[in-house]
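**Student:** sequence first, predicted model second:
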Amino acid sequence: MKTVAIIYHSRQGHTQFIAQQIQTGILRHKNMKADLLNTEDIINSPEILIQYDGLIWGSPTYLGSVSSKLKQLMDATGPLWKKQSFKGKLAAGFTVSSLPAGDKQSTLISIFTFCMQHGMLWVGNPIMPEQHQGIPYTQAANRLGSWSGLMAQTEHGSNADGFDEGDIKTAQQFGENFALTLNAYQGI
């Protein structure tokens, strides 16, 4: 059994909803366990993350970066960095904003850099944008065209589940790809 922690901060529920969709994709593989972990619940005990084989980090994009709560958790892992406790674990990242661009790429780069400093191995987003195959934009997987991680977008003030079908599909496929990669990974 392989284990994945989906670590996220979600102020209005949007990032949590996408985390749940990623979890759905991971759990399509019978030998997988995926736990949703809110940053606020583990900020004082980041060492619990050591037990997982894979770590997927998620944050809304706030002013071009991760939320302060996720950054606080990242900073709390300093003692784990000194021991290289996450070295060799698979990692990935996702983010949500209310605008199609919203500087989400810089949020993913922040998460990527953090994971690289910990010696983790990054799993990107290999899902081809489906709108190029004639699928309507709102229904297309990876409609935002991100390969470095998962990006999702919802309108400002929408319900937590107020995402286009394409973003929901992308999140589930992203989870499936992470599970497949983790299953194939032999470690270092």
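**Tutor:** It's in.
**Student:** neighbours of Thr15, just the number please.
**Tutor:** 25 (other C-beta atoms under 10 Å). Any C-beta I mention is one placed from the backbone N, CA and C, and that applies to glycine too.
**Student:** and Asn159, by the same measure?
**Tutor:** When neighbours are counted by other C-beta under 10 Å, Asn159 comes out with 12.
**Student:** can you check Gln117 too?
**Tutor:** Summarising burial for Gln117: neighbours were counted as other C-beta under 10 Å, giving 13.
**Student:** nearest residue to it other than its sequence neighbours?
**Tutor:** Sequence neighbours aside, Trp81 is the residue nearest to Gln117 in space, at 6.5 Å (criterion: C-beta to C-beta, 6 or more residues apart in numbering).
**Student:** now stretch 129-149: mean pLDDT?
**Tutor:** For stretch 129-149, mean pLDDT is 95.
**Student:** please apply the same query to stretch 78-96.
**Tutor:** Stretch 78-96 comes out with an average pLDDT of 97.
**Student:** any idea how far the helix or strand where Thr15 lies is from the middle of the chain?
**Tutor:** Element membership for Thr15, per DSSP states H and E: helix 14-26. Distance, stretch centre to chain centre, for helix 14-26: 8 Å (C-alpha atoms, centre = their mean, to the nearest Å).
**Student:** packing partners for that helix?
**Tutor:** Other helices and strands packing on helix 14-26, by 3 or more C-beta pairs under 8 Å, 6 or more residues apart in numbering; DSSP states H and E, are strand 2-8, strand 32-38, strand 54-60, strand 90-97, strand 150-153, helix 165-184.
**Student:** on the three-state scheme, the residue nearest to Gln117 is what?
**Tutor:** State at Trp81, reduced to three classes by DSSP: H, G, I helix; E, B strand; the rest coil: helix.
**Student:** what's the answer for the one 5 residues further on, then?
**Tutor:** The assignment at Phe86 comes out as coil when based on three-state DSSP.
**Student:** contacting residues for it?
**Tutor:** Residues near Phe86 by C-beta atoms under 8 Å, 6 or more residues apart in numbering: 49-50, 55, 77, 80, 115, 118-120.
**Student:** Arg11 should be in a helix, yeah?
**Tutor:** No - using three-state DSSP, the secondary structure at Arg11 is coil, not a helix.
**Student:** not counting sequence-adjacent ones, nearest residue to it?
**Tutor:** Per C-beta to C-beta, 6+ apart, closest to Arg11 is Pro60, 6.6 Å.
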